[in-house]
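1. Output the structure for:
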Amino acid sequence: MPEAKMEGGELALRLLGDMEQITWERHGQMALDNAKRNLALLDKGQSLAALRDVQIGTSDQAVVIAAGPSIRRHDPIARIKKANFQGAVIATDSAVAYCLRNGVIPDLVVTLDPHAKRIVRWFGDPDLTEDAIRNDDYYRRQDMDTAFADEMRYNREMLALLDEHGHKMRIAVSTSASEAVVNRVTSTGMKLYWWNPMLDDPDKPDSASRILYGMNRLPLVNAGGNVGSACWMMAHAVLGKSKVALTGMDFAYYDDTPYSATQYYREALDLVGEENLHKLFVRIFNPYTNAWFYTDPAYYWYRTAFLDMVTTADCQTFNCTEGGILFGDGIDFCSLDSFLTHE
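-> Model prediction:
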């Protein structure tokens, strides 16, 4: 297994051990509050456990479609359609637009993040206003779908697409999901399957994960802190797929991407200031693509968690992102074409 060459990012490496606590401070109480509110809505769906009895796809393969920057450069859906793929297609909430706009209805969508206003945008926000857009540049400044240049038009398109196709789709909804997300996906007729995110070590006596489970008795899922890893976990641990390909799971940015176009740019500014941003981003050389990428503390933490989880997974994992920094023991780094043509 080739070793990863790394440069810089001394602050990022120093923060790595604190990421669980930092994440809890940002999202933990919000996730618990959302789960309490969602107790009254659980009858709008089923437990995630019910998906174990559903046949999704006719092969033992699954492809995860996340919304990393490689999606724009490699367009995996075009190849999935050309190969007449018969396995399961599992999409992150952020990749729903990419799927539907290219004529693919995912077999399963996964949503996790508890943010009150941002995540609903992936499904079309019926309450979006021009003021809300002006006050939050999260979408338009990132290296993602260029359609976000006109956010109101994009939102109208997503409202129409979800209203048309939602009733054909299944969604694994974390109990941490916001009120806006739950209301939106139920209004479109999506079939809901509820699950609990593992917020911490459930064996600890004061565990928030244990509190969450005691609240609703729904399955606890180790999502690795992000929705892409949650999709991978659903593919093998819930749907029973033995070969899982990852696309759009860069956990990084292309080397020519400005810092201002990264997901956590505003948080990074608040944490270390403009003059220290270079210390917060780690450059990593991908020996499979012969290219440099850079990552922030959050994505580096997700990568570390995934490399730990993959060692005990009951599946073969193929990273077909064709970029990014997710490589290591337990991962076959290959092209998507190679995965699709070799069962």
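2. Show me which residues of the helix or strand Arg14 falls within are buried.
-> In this structure, Arg14 is located in helix 10-15 according to DSSP states H and E. Neighbour counts over helix 10-15 (16 or more other CB atoms under 10 Å) mark Leu11, Ala12, Leu15 as buried. Where you see a C-beta, it was placed from the backbone N, CA and C, and this is true even at glycine.
3. Hmm, the last one is touching Asp296, no?
-> Going back to what we said before, that points to Leu15. No - using CB atoms under 8 Å, Leu15 is not in contact with Asp296; the gap is 9.5 Å.
4. The closest residue to Thr304 other than its chain neighbours: how many residues sit nearby?
-> Spatial nearest neighbour of Thr304, excluding adjacent residues (CB to CB, 6 or more residues apart in numbering): Leu16 at 7.0 Å. Leu16 has 14 neighbours, counted by other CB atoms under 10 Å.
5. Which parts of the stretch 101-250 of the chain are strands?
-> 108-111, 170-174, 191-197, 220-221, 243-247 (DSSP state E, counting those that start in this stretch).
6. which strands and helices sit next to the third one?
-> This means strand 191-197. Helices and strands touching strand 191-197, by 3 or more CB pairs under 8 Å, 6 or more residues apart in numbering; DSSP states H and E, are helix 29-38, strand 46-47, strand 170-174, helix 208-216, strand 220-221.
7. can we see that at 7 Å?
-> strand 46-47, strand 170-174, helix 208-216, strand 220-221 (3 or more CB pairs under 7 Å, 6 or more residues apart in numbering; DSSP states H and E).
8. Arg79 is nearest to which of those?
-> strand 170-174 (23.3 Å; CB to CB).
9. Which neighbouring elements make contact with the closest one?
-> Counting contacts by 3+ CB pairs under 7 Å, 6+ apart, strand 170-174 packs against strand 108-111, helix 179-187, strand 191-197.
10. pretty sure the residue nearest to Thr304 is touching Trp301, no?
-> Yes - taking CB atoms under 7 Å as the definition, Leu16 is a contact partner of Trp301 at 6.1 Å.
11. on that earlier part again, the strands of the stretch 101-250 of the chain into JSON lines, with extra columns for distance to Arg184, mean pLDDT and mean neighbour count?
-> Converted to JSON lines, the strands of the stretch 101-250 of the chain look like this (distance: least, CB to CB, whole Å; pLDDT from 0 to 100; neighbours: other CB atoms under 10 Å):
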{"stretch": "strand 108-111", "distance to Arg184": "10", "mean pLDDT": "99", "mean neighbour count": "27"}
{"stretch": "strand 170-174", "distance to Arg184": "10", "mean pLDDT": "99", "mean neighbour count": "25"}
{"stretch": "strand 191-197", "distance to Arg184": "12", "mean pLDDT": "99", "mean neighbour count": "23"}
{"stretch": "strand 220-221", "distance to Arg184": "22", "mean pLDDT": "98", "mean neighbour count": "18"}
{"stretch": "strand 243-247", "distance to Arg184": "25", "mean pLDDT": "99", "mean neighbour count": "28"}
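12. For these, give me a markdown table that also has distance to Gly324.
-> A markdown table is the format used below for the strands of the stretch 101-250 of the chain (distance: least, CB to CB, whole Å):
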| stretch | distance to Gly324 |
| --- | --- |
| strand 108-111 | 19 |
| strand 170-174 | 23 |
| strand 191-197 | 23 |
| strand 220-221 | 23 |
| strand 243-247 | 9 |
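13. can you tell which of the ones you listed is closest to Ile65?
-> Among the strands of the stretch 101-250 of the chain, strand 243-247 comes nearest to Ile65, with 5.4 Å by CB to CB.
14. what packs against the closest one?
-> Short answer (3+ CB pairs under 7 Å, 6+ apart): strand 243-247 packs on strand 61-65, strand 316-319, helix 336-341.
15. Which element is encountered next along the chain beyond that strand?
-> Assigned by DSSP H and E, the successor of strand 243-247 is strand 253-254.
16. right, and the helix or strand after that next one?
-> Following strand 253-254 in sequence, per DSSP H and E, is helix 265-272.
17. Need the outlier residue of the chain, farthest from its centre.
-> Glu275 (29.8 Å; CA atoms, centre = their mean).
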